[in-house]
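**Student:** after the sequence you'll find the predicted model.
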Amino acid sequence: MKRLDMMRQQLAAVVFLTVCVGLAARATAQSSLESEVESLKGLTGVTVLEENLSAEAEQDRLTRAAIQTDVEVKLRLAGISVLTSAQGLQTPGEPFLYVRVNAMKVSPTALNSYAYSIHVSLRQTIDSRVRPGATVLRHGA
């Protein structure tokens with residue numbers, strides 16, 4: 001149980017650090033990314049969307065809900081508002097933080113030992129009528 005809690009905390013920390021590093025890298029990027037940074041201005045918060053995990057991971061209590069809760073806590077501690085789904089749909093750009101964790105058990109006999117990969121992206125709709133001249137750059141898949 002403690003090992004699973006530690007793994008969840010490590011996973012949440014990695015997701016949080018990935019978001020922070022990604023935002024910091026964008027904020028310090030050259031002029032080619034200025035329009036992307038500009039699109040973050042006025043962002044009031046994000047909805048967190050987490051994909052389902054494998055049944056095996058869920059059985060070992062590494063759940064989608066636990067990861068989502070950990071991510072939301074980290075965002076709030078960083079001063080980023082977490083929006084409900086309804087709030088997110090009413091927010092300009094409908095911003096959401098998309099989190100996908102692929103977890104695969106290393107060995108059937110190893111207790112709660114997983115190899116995992118994490119994909120985190122901040123997504124929002126840009127309306128060129130609201131932000132004339134805005135360009136959208138895509139990073140990642």
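**Tutor:** Arrived safely. Numbers count the residues shown, from 1 in each chain.
**Student:** now stretch 43-59: buried residues?
**Tutor:** Gly45, Val46, Thr47, Val48, Glu50, Leu53, Ala57 (16 or more other C-beta atoms under 10 Å). Just so you know, the C-beta spots here come from the backbone N, C-alpha and C atoms, and that holds for glycine as well.
**Student:** which residues touch the nearest residue in space to Phe96 that is not next to it in sequence?
**Tutor:** The shortest distance from Phe96 to any residue other than its chain neighbours is 4.3 Å, reached at Thr47 (C-beta to C-beta, 6 or more residues apart in numbering). Taking C-beta atoms under 8 Å, 6 or more residues apart in numbering, we find Thr47 in contact with Val82, Leu83, Thr84, Ser85, Gln87, Gly88, Glu94, Pro95, Phe96, Leu97.
**Student:** for the chain, what are the low-confidence residue spans?
**Tutor:** 1-4, 6-7, 10-41, 110, 112, 127-141 (pLDDT under 70).
**Student:** and with 50 instead?
**Tutor:** The model of the chain has pLDDT under 50 over residues 28-32, 139-141.
**Student:** one step back: shouldn't the residue nearest to Phe96 be within a strand?
**Tutor:** Yes. Judged by DSSP: H, G, I helix; E, B strand; the rest coil, Thr47 forms part of a strand.
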